[in-house]
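Asker: The sequence isn't on hand, but the structure is:
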């Protein structure tokens, strides 16, 4: 089993920045992909970014390309999401996810999920 705990959410003004963290514990050696998803009220869960843990390749959703950066610290078993130039439409609960294989943007492909952290961007 893998446990994921997100942190770093909060309230920020449009144009500002936030950095989210996701700490993984448990059977972390089994992880191949770490990702961030988000879900706004009344909307489906949306893919944000993914990192192929052992390779370092990253992959982004179209709505965040050029503004968000996913990175990882293997020694700390932690993945980060640096969010810049935030917009009100980025407001959502952000979830960390992990998969035991290389996967991309389908939420159903992920094996483990955190509980989420709220990000609110005011206009």
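Answerer: Looks like it came in fine. Bear in mind the structure is a predicted one, so any value in this text is a computation, not a measurement. Numbering: from 1, shown residues only.

Asker: quick one, what contacts the residue nearest the centre of the chain?
Answerer: In the chain, the centroid-proximal residue (Cα atoms, centre = their mean) is residue 36; its distance is 2.1 Å. Contact partners of residue 36, counting by Cβ atoms under 8 Å, 6 or more residues apart in numbering, are 20, 22, 48, 49, 50, 70, 79, 81, 94, 95, 96, 97. Where you see a C-beta, it was placed from the backbone N, CA and C, and this is true even at glycine.

Asker: Whichever of these end up buried, select them in PyMOL.
Answerer: Only the buried members of the contacts of residue 36 enter the following PyMOL selection, criterion being 16 or more other Cβ atoms under 10 Å:
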select buried, resi 20+22+48+49+50+70+79+81+94+95+96+97
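
Asker: Can you lay out the contacts of residue 36 as TSV showing pLDDT and secondary structure?
Answerer: TSV is the format used below for the contacts of residue 36 (pLDDT from 0 to 100; DSSP: H, G, I helix; E, B strand; the rest coil):
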residue	pLDDT	secondary structure
20	98	strand
22	98	strand
48	98	strand
49	98	strand
50	97	strand
70	97	strand
79	96	strand
81	98	strand
94	98	strand
95	98	strand
96	98	strand
97	98	strand
